[in-house]
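Trainee: can't give you the sequence, but here's the structure:
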């Protein structure tokens, strides 16, 4: 914004600021009054920019410190609701035959029917949701079971280091076990107070708020713990394996950043 306020500033030396005369190249030298007026104009422009960012939701106060922080990651823009995407269309899922299993390198494999999953302690997680295709949705209110609570019941073996998430319809994704233990990673069966719609991943989807949404797999049916990394669907096609929105890690080449 400075170029809108200070179109042309030529300062040879501080002693010339009070002269208010032409320099040898014909540029108008600033007087002290002009200089401080320009600074004031710049401050007003900065305040306007910050308020504009707050109004658009680009900035928000941190819940802990109260300080205003940038809210939308680089390259993203806000939309009002989730956009439906799927790698291979919506799978047909019968509630009576739906299963969620947690297996692999665990001491206690788990297997749930739909009714059994509903009996588990549910929590609510409110987070922004960022798609790699550049749209973001504010304050999605997910309800479900925290991944770390399920893993605590399954008891990963010492050699377990990675997760592979498999879904009805053939989709898959992966990430490190350490990421799965974050306090906001959730297997969600409701969104904004309503049962999770099938087009958005119902009856159950994974939500990993700190990563791009292709890591938040829809129609989850299996979680496998592994010693080594096994790439998921989009990761095999060149999407970033780290998928951090704040680093704009959209493609494999971005993982080096």
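Mentor: Structure received. Bear in mind the structure is a predicted one, so any value in this text is a computation, not a measurement. Residues are numbered from 1 along each chain as shown.
Trainee: Helices of the chain, start to end?
Mentor: 2-5, 32-55, 114-118, 147-154, 177-180, 233-236 (DSSP state H).
Trainee: Worst mean pLDDT among those helices?
Mentor: Lowest mean pLDDT within the helices of the chain: helix 2-5, a mean of 34.
Trainee: My read is that residue 174 contacts residue 228, right?
Mentor: No - Residue 174 lies out of contact with residue 228 (Cβ atoms under 8 Å); the separation is 10.4 Å. Any C-beta I mention is one placed from the backbone N, CA and C, and that applies to glycine too.
Trainee: Pull up the overlap in contacts between those two.
Mentor: Common contacts of residue 174 and residue 228, defined by Cβ atoms under 8 Å, 6 or more residues apart in numbering, comprise residue 162.
Trainee: Which one's more surrounded, the two?
Mentor: More neighbours surround residue 174 than the other of residue 174 and residue 228, with 22 against 7 (other Cβ atoms under 10 Å).
Trainee: distance of that one from residue 235?
Mentor: Distance, residue 174 to residue 235, using Cβ to Cβ, to the nearest Å: 6 Å.
Trainee: ditto for residue 122
Mentor: 29 Å.
Trainee: More neighbours: these two, which one.
Mentor: Comparing residue 122 with residue 235 by other Cβ under 10 Å, the one with more neighbours is residue 235, at 21 against 17.
Trainee: Tell me the helices and strands packed up against the longest strand along the chain.
Mentor: Of all segments of type strand in the chain, defined using DSSP state E, the longest is strand 135-146. Judged by 3 or more Cβ pairs under 8 Å, 6 or more residues apart in numbering; DSSP states H and E, strand 135-146 is in contact with strand 77-78, strand 123-130, strand 186-191, strand 205-207.
Trainee: angle of it against helix 147-154?
Mentor: 30 degrees (axes from the mean of the first three to the mean of the last three Cα atoms, to 10 degrees).
Trainee: Give me the buried positions along strand 135-146.
Mentor: For strand 135-146, the neighbour count (16 or more other Cβ atoms under 10 Å) marks 135-137, 140, 142-146 as buried.
Trainee: That one: partners in the sheet, and parallel or antiparallel?
Mentor: In the sheet, strand 135-146 lines up against strand 77-78 (parallel), strand 123-130 (antiparallel), strand 186-191 (antiparallel) (DSSP bridges).
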